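>>> Structure for the following, please:
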Amino acid sequence: MAPAARIEFLGFVAPAEFYKQVDVVVVPSIWEEPGPIVVADAQAAGKPFLGTSFGGIPEAIKNGAAGWLTGSDPDSLAKSILQIVADPQRVRDMAREKTSKWTFSKVVASYRTVFEDVTQVRQAASS
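Just a heads-up that it's a prediction; the model follows:
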């Protein structure tokens, strides 16, 4: 579909390494996801993101401050990406703003707490 595209499939890349390599994260959801993990990861990395207006994504984006919202159709997505590419200084400014309270260590700690809570509930139920 895109023979001239420069795409390289890297396989697994640790989140911290991955986010060092990108300027903007694109979250093109087309269904009502309550809160995609990639949004929290992008925020933890201090990366602005472009998301569609589905599920919890609009709640996570301070439009124009921490990222952008766009339509989920290919034309809207392409137009938004082109606008972002045309203003690299705005992307750099957004990345510096660090509007998120999340960091990778806090996200991991939150996951661990949920896991431990679920484990304790299961152990109590089986006793």
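
>>> distance of residue 54 from residue 72?
Computed as CB to CB, to the nearest Å, the residue 54 to residue 72 distance reads 7 Å. Every C-beta, even on glycine, is put in place using the N, C-alpha and C of the backbone.

>>> Make sure I have this right: residue 111 is in a helix.
Yes - when DSSP: H, G, I helix; E, B strand; the rest coil is applied, residue 111 is found to be in a helix.

>>> Just give the number of residues close to it.
Other residues lying near residue 111 total 12 when counted by other CB atoms under 10 Å.

>>> got it, and residue 108?
12.

>>> if we can go back for a sec, list residues touching both of residue 54 and residue 72?
29, 30 (CB atoms under 8 Å, 6 or more residues apart in numbering).

>>> what about the two, which has more around it?
Per other CB under 10 Å, whichever of residue 54 and residue 72 has more neighbours is residue 54, with 18 against 14.

>>> Skipping adjacent residues, who's closest to the more buried one in space?
Nearest in space to residue 54, with sequence neighbours left out and distances taken as CB to CB, 6 or more residues apart in numbering, is residue 29 at 4.7 Å.
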